[in-house]
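S.K.: Prediction below, plus the sequence it came from.
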Amino acid sequence: MARRITLYSKPDCHLCEEARADLRTLETELGLEVIEVDITGDPALYRRFQYLIPVIDIDGGVALFAPIDLVELRHALAEVKRKT
């Protein structure tokens, strides 16, 4: 079963673009299901994440906040995998 990853982002965010690229790199390699949510379309999400994006939610639990790098992302995914 693929792990579900939610990327909370907004347009014109360079950190979001970097996180998206890292997730694309890992998507096939690790069998991830990546969903991107634009926080500008939801006032509650915007208030919650406006200063934290990009935010990566792993399987509805572990969350990573900006800045996120590929090493940190790999580590978080490995930790989640070990716990399941």
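M.R.: Here it is on my side, so go on.

S.K.: Pull stretch 35-42 out as CSV, backbone CA atoms only.
M.R.: Extracted as CSV, the C-alpha positions of stretch 35-42 are listed here (Å, rounded to 0.1, in the frame of the first residue of the first chain):
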residue,chain,number,x,y,z
ILE,A,35,-1.5,15.0,-3.2
GLU,A,36,-0.9,18.7,-3.4
VAL,A,37,-3.2,21.1,-1.7
ASP,A,38,-3.2,24.8,-2.5
ILE,A,39,-3.8,26.6,0.8
THR,A,40,-5.0,29.7,-0.9
GLY,A,41,-8.2,27.9,-1.8
ASP,A,42,-9.2,27.2,1.8
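
S.K.: buried set for that stretch?
M.R.: Residues of stretch 35-42 classed as buried by neighbour count (16 or more other CB atoms under 10 Å): 37, 39. For the C-beta atoms, the positions are set from N, CA and C on the backbone; glycine is no exception.

S.K.: Now do that stretch: everything it contacts.
M.R.: 4-11, 20, 45-46, 48-50, 53 (CB atoms under 8 Å, 6 or more residues apart in numbering).

S.K.: how about the strands in the chain?
M.R.: In the chain, the strands defined using DSSP state E lie at 3-9, 32-38, 55-58, 62-65.

S.K.: Tell me which strands the second one pairs with, and in which orientation.
M.R.: Strand pairing for strand 32-38, using DSSP bridges, gives strand 3-9 (parallel).

S.K.: I would like the residues contacting the partner strand, please.
M.R.: With contact meaning CB under 8 Å, 6+ apart, strand 3-9 is reached by 16, 19-20, 23, 30-39, 45, 49, 53-60, 77, 80-81.
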